[in-house]
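# Fold the following.
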Amino acid sequence: MAGNATDPFVLVGTNYKTYESAEKRISFWQRIKGMPILSMVILGIIILGCVFAEQVYNHDPTGFYLQNLNQPPNSEFYFGTDSLGRDIYSMIWYGGRVSILIGLLGMAIITVIGVIYGCVSGTANSRVDSIMMRIPELINSIPNLLLILLLTSVMGTQNIVKISFVIGVTGWCGLARIVRSEVRQIRSSEYVLAAQCMGSGFFHIMIKHLIPNFISTIMFVVVSSIGLSISMESTLSFLGLGLPVDVVSWGSMLSLANKALLSNSWWVIIFPGVFLITTLVCVTNIAYYFRKETNKRESYL
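Numbers count the residues shown, from 1 in each chain. Below you'll find the model as predicted:
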């Protein structure tokens, strides 16, 4: 064994090899293997197109071109026009902002309510926990769409915040049950008990000690809630209880489907539907990837 100033110990001998750590030996392609790259790329293109809609669309998305009613796709109107003379190509990028924003707001509301409620229930005593878990069961006993329709009809004219709130307050139950079960497993851990003994408050313990331990477990539900919120907004708009027609979104565009079928204007339905379905499929694939990675880590443990 020899040495020098920079490396005091050097291994020598028969068949001497220098080994690299497993982290360094993993190539870039091995790291991304199994990741939904195609879904991420497509979803990224759609999001960027919606964010920079002003640079993408070629007509005023809120303008009425009355001389071009129900025009099929052509060189001027790439995706055609609807019964009001609006350019569908421009509306898709402009309206995608609203749909994606509703998806993100709905996801945020579901996550906040579900995580806090699940943490409170998981750290409470058995009696309080039993009472708190009856509430999600009661909410789930009512069909989700029926409950949303009831709330939207009570709240009157819808806007982005209202419809996101309705979707959020009716979709947190599943996440709360998952969080509660995870918290019940770790609430007696030494670091949680030590934090309680040192006088840490509930929110400090939740943020510092509870959430980091189940964040990977709930990522599937959190990401899936984006697609759930977008699809629910589209369903409500199609039923006439979502956003007003003058508020452009993928859902409000699909609300004109009945008129489009009567006038044989297939492009009014196909193009918004393709963008909506593609976005939902991409979000679902990414969510399934998070769930697969979580299951893989749990199997290693």
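# list the contacts for Met206?
With contacts defined as C-beta atoms under 8 Å, 6 or more residues apart in numbering, Met206 is in contact with 115-116, 119. To be clear about C-beta, it is placed using only N, CA and C from the backbone, and glycine gets the same treatment.
# Out of these, which comes closest to Val223?
Val115 (14.4 Å; C-beta to C-beta).
# on that earlier part again, now the contacts of Met206 in JSON lines, with distance to Ile205?
What follows is the contacts of Met206, written out as JSON lines (distance: C-beta to C-beta, whole Å):
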{"residue": "Val115", "distance to Ile205": "13"}
{"residue": "Ile116", "distance to Ile205": "12"}
{"residue": "Cys119", "distance to Ile205": "8"}
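# Secondary structure, distance to Arg291 and neighbour count for the residues you listed - can I get that in JSON lines?
Below are the contacts of Met206 laid out as JSON lines (DSSP: H, G, I helix; E, B strand; the rest coil; distance: C-beta to C-beta, whole Å; neighbours: other C-beta atoms under 10 Å):
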{"residue": "Val115", "secondary structure": "helix", "distance to Arg291": "17", "neighbour count": "24"}
{"residue": "Ile116", "secondary structure": "helix", "distance to Arg291": "22", "neighbour count": "16"}
{"residue": "Cys119", "secondary structure": "helix", "distance to Arg291": "21", "neighbour count": "24"}
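# I'd like those residues written out as a markdown table, with distance to Phe165 and pLDDT added.
Output for the contacts of Met206, formatted as a markdown table (distance: C-beta to C-beta, whole Å; pLDDT from 0 to 100):
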| residue | distance to Phe165 | pLDDT |
| --- | --- | --- |
| Val115 | 17 | 93 |
| Ile116 | 16 | 93 |
| Cys119 | 21 | 92 |
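# which one of these is nearest Glu293?
For those, the nearest to Glu293 is Val115 (19.7 Å; C-beta to C-beta).
# check contacts around that closest one.
175-176, 179, 206, 211, 218.
# Dump those residues into JSON lines; add distance to Asp82 as well.
JSON lines is the format used below for the contacts of Val115 (distance: C-beta to C-beta, whole Å):
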{"residue": "Leu175", "distance to Asp82": "37"}
{"residue": "Ala176", "distance to Asp82": "41"}
{"residue": "Val179", "distance to Asp82": "43"}
{"residue": "Met206", "distance to Asp82": "48"}
{"residue": "Ile211", "distance to Asp82": "45"}
{"residue": "Ile218", "distance to Asp82": "40"}
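# For Lys162, which non-adjacent residue is spatially closest?
Closest residue to Lys162 apart from its sequence neighbours, by C-beta to C-beta, 6 or more residues apart in numbering: Met155 at 5.5 Å.
# So Leu280 sits against Ser229, correct?
No - contact criterion C-beta atoms under 8 Å: Leu280 and Ser229 do not qualify, at 10.5 Å.
# State the phi and psi torsions of Asp87.
When quoted as degrees, to the nearest 10, the phi and psi of Asp87 stand at phi -80, psi 120.
# Let me know how buried it is, in neighbour terms.
Neighbours of Asp87 under the rule other C-beta atoms under 10 Å: 26.
# got it, and Ile42?
Neighbours of Ile42 (other C-beta under 10 Å): 16.
# Tell me how far it lies from Gly85.
Applying C-beta to C-beta, to the nearest Å, the value for Ile42 to Gly85 is 30 Å.
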